[in-house]
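Asks: What shape does this take:
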Amino acid sequence: MALKGKMQALVLLLLGGIEAFQRRNPRGFEGLQTSFGSHSLQKPVGGAAEERGTTMQALATRDEIIELQTELVSLSSKVPHHIVFRKFKQIVKKGGEPDGAAFESVLRACQRAPSGPFALKVSQVLREMPPQDMLQGFFFVEDEGADLHPLTPLYGMAVEACARDAAPLDALRIMDLMREVSIPRIERNYVSVLRAAAQNRELDSE
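Replies: Now for the predicted structure:
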């Protein structure tokens with residue numbers, strides 16, 4: 001009888017424990033397993049997988065930028081200027097930094113068009129993202145030899161495009177950009193501005 005009483009007491013204790021557990025966990029043991037599983041078996045949000053995806057996307061974008069740069073530089077002078085403009089804009093839009101050859105190609109297209117407004121836009125990009133490949137090595141400062149600054153020719157091409165397009169205001173804005181970033185303005189630049197103004201007056205008088 002003593003053994004039977006002990007067994008009954010043990011059963012009651014177990015039943016009481018189960019009831020207490022069920023009150024704390026309405027979904028029972030199934031709910032406990034599901035809850036535990038949600039922490040240990042589900043795929044982590046973000047983490048290494050997301051980082052790998054971001055890295056792959058960045059590499060793909062970098063390859064696209066390199067390809068666009070190569071295409072832009074290889075385009076001949078017979079290619080319509082709007083195609084050159086589009087490729088340059090794609091490089092910048094994708095977060096690329098055009099190199100010196102890319103700037104030269106698009107500015108030559110600005111002169112062929114001619115297009116002073118786009119030359120101004122290119123100059124604004126040039127101010128924000130000067131091509132590092134053209135800034136390497138030694139070069140003279142303004143008072144020692146202005147024409148030897150590596151970026152002076154690029155800005156000069158932009159001002160010349162404005163002269164051919166009879167766009168003196170765009171030319172003056174480019175000259176102002178040169179002043180802001182301490183790029184020497186040489187005699188040829190001023191001559192181009194005067195030509196742009198003269199051609200603009202001729203167009204107005206027609």
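
Asks: Would you check that E97 makes contact with D133?
Replies: No. Look at E97 against D133 with Cβ atoms under 8 Å: they stay out of range, at 9.9 Å. In short, each C-beta sits where N, CA and C put it, glycine included.

Asks: The two: which is more packed in?
Replies: E97 (16 against 13; other Cβ atoms under 10 Å).

Asks: Could you measure from that one over to M134?
Replies: For E97, the distance to M134 equals 12 Å [Cβ to Cβ, to the nearest Å].

Asks: try R188
Replies: Here R188 is placed at a distance of 18 Å from M134 (Cβ to Cβ).

Asks: now D176
Replies: 21 Å.

Asks: between those two, which one's more packed in?
Replies: With neighbours defined as other Cβ under 10 Å, D176 and M134 compare such that M134 has more, 18 against 11.

Asks: Enumerate every residue touching that one.
Replies: By Cβ atoms under 8 Å, 6 or more residues apart in numbering, the residues touching M134 are 99-100, 150-151, 154.

Asks: which intervals of the protein have sub-threshold pLDDT?
Replies: For the chain, applying pLDDT under 70 flags the ranges 1-54, 56-58, 137-148, 206.

Asks: What are the boundaries of the helices in it?
Replies: 2-24, 28-40, 47-74, 81-93, 100-112, 116-128, 132-135, 142-145, 152-164, 168-180, 187-205 (DSSP state H).

Asks: Return the distance of P117 relative to L135.
Replies: The gap separating P117 from L135 is 26 Å, by Cβ to Cβ.

Asks: So for the two, which residue has more residues nearby?
Replies: For P117 versus L135, neighbours defined as other Cβ under 10 Å are more numerous around P117 (16 against 12).

Asks: so what's the residue nearest to the more buried one when sequence neighbours are not counted up against?
Replies: Spatially, and ignoring its direct neighbours in sequence, P117 is nearest to D170 (5.9 Å; Cβ to Cβ, 6 or more residues apart in numbering). By Cβ under 8 Å, 6+ apart, the residues touching D170 are 116-117, 119-120, 162, 196.

Asks: could you redo the last one with a cut-off of 6 Å?
Replies: 116-117, 120, 162 (Cβ atoms under 6 Å, 6 or more residues apart in numbering).

Asks: Equivalent analysis for F103, please.
Replies: For F103, the residues meeting the contact criterion (Cβ under 6 Å, 6+ apart) are 131, 154.

Asks: Could you rerun that using 8 Å?
Replies: Residues in contact with F103 (Cβ under 8 Å, 6+ apart) are 122, 126, 131, 154.

Asks: which one among the residues you listed gets closest to S205?
Replies: For these, the closest approach to S205 (Cβ to Cβ) belongs to V122, at 29.7 Å.

Asks: Do I have it right that that closest one meets A109?
Replies: No. With contact defined as Cβ under 8 Å, V122 does not reach A109; the gap is 9.3 Å.

Asks: thought S115 was touching H82?
Replies: No. Using Cβ under 8 Å as the test, S115 is too far from H82 to be in contact (9.3 Å).

Asks: Compare the two (neighbour count), which wins?
Replies: Neighbours were counted for S115 and for H82 using other Cβ under 10 Å; S115 has more, 22 against 12.

Asks: Tell me how far E187 lies from H82.
Replies: Applying Cβ to Cβ to E187 and H82 gives a distance of 32 Å.
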